[in-house]
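J.: Here you go, sequence then predicted model.
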Amino acid sequence: MRLRRRRNQRERFVSAKDLAEMGFCEKRVLLAHLHGQRMTPEQQRSAERGRRAHERYYREGLSAVASGADRRCFVATCLFGEEAWQTNVLRRYRDEVLLHRRIGRRAVAAYYWCAPRVCDVLARLPWLQRPVRALIEVLLIAVRRRLERPG
């Protein structure tokens, strides 16, 4: 019975900002609770922009999880960018070819294990990015041919 009351009550979540303010000044949090938060119009606009951005990010995350889309492609994203054609071709190859074979799934699992470390090395040693980018572009030629073949 007690649980039902809790579920029916409207819960108010405490934001990380509120928790941080409690650690800094409990009195300020209490006064804001009793008398309302007073913000300048500029602060209100900024807070609203932040809320919209968080809501958009949350919705994008939910839609990605619901669609089952795997957006990970660490090295290509590191070298070419999140929405570059090279990155999208490699994702498509992973989804359409590699994940349909046992050895391909193992290769993808191994890639996910080592790729974040490779990205760390590429970030620390920018002179390595050009030769790795050249290697991936050679690989992209074969990948595009395979994707363009019927069957």
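T.: Yep, that arrived.

J.: in this structure, which spans are helices?
T.: Assigned by DSSP state H, the chain shows helices spanning 2-8, 16-24, 26-35, 41-67, 74-80, 85-96, 102-124, 129-148.

J.: Dump the last one to CSV, keeping only the CA atoms.
T.: This points to helix 129-148. Only the C-alpha atoms of helix 129-148 are listed here, as CSV (Å, rounded to 0.1, in the frame of the first residue of the first chain):
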residue,chain,number,x,y,z
GLN,A,129,47.1,10.1,-38.1
ARG,A,130,48.2,10.7,-41.8
PRO,A,131,49.6,7.2,-42.4
VAL,A,132,46.7,5.5,-40.6
ARG,A,133,44.3,7.6,-42.6
ALA,A,134,46.0,6.5,-45.8
LEU,A,135,45.8,2.8,-44.7
ILE,A,136,42.1,3.1,-44.0
GLU,A,137,41.5,4.8,-47.3
VAL,A,138,43.1,1.8,-49.1
LEU,A,139,40.8,-0.4,-47.0
LEU,A,140,37.8,1.7,-48.0
ILE,A,141,38.4,1.0,-51.7
ALA,A,142,38.0,-2.8,-51.0
VAL,A,143,35.0,-2.2,-48.7
ARG,A,144,33.2,0.0,-51.2
ARG,A,145,33.7,-2.6,-53.9
ARG,A,146,32.3,-5.3,-51.7
LEU,A,147,29.3,-3.2,-50.8
GLU,A,148,28.6,-2.4,-54.4
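
J.: what inclination does it have with respect to helix 85-96?
T.: Interaxial angle of helix 129-148 relative to helix 85-96 (axes from the mean of the first three to the mean of the last three CA atoms, to 10 degrees): 50 degrees.

J.: If you average pLDDT over each of the helices of the chain, which is lowest?
T.: Mean pLDDT values for the helices of the chain show the minimum at helix 2-8, a mean of 49.

J.: any chance of the helices of the chain in a markdown table, plus mean neighbour count?
T.: For glycine as for every other residue, the C-beta is placed from the backbone atoms N, C-alpha and C. Listed next are these as a markdown table, based on neighbours: other CB atoms under 10 Å:
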| stretch | mean neighbour count |
| --- | --- |
| helix 2-8 | 7 |
| helix 16-24 | 10 |
| helix 26-35 | 11 |
| helix 41-67 | 10 |
| helix 74-80 | 19 |
| helix 85-96 | 17 |
| helix 102-124 | 12 |
| helix 129-148 | 12 |
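
J.: Alright, calling it a day.
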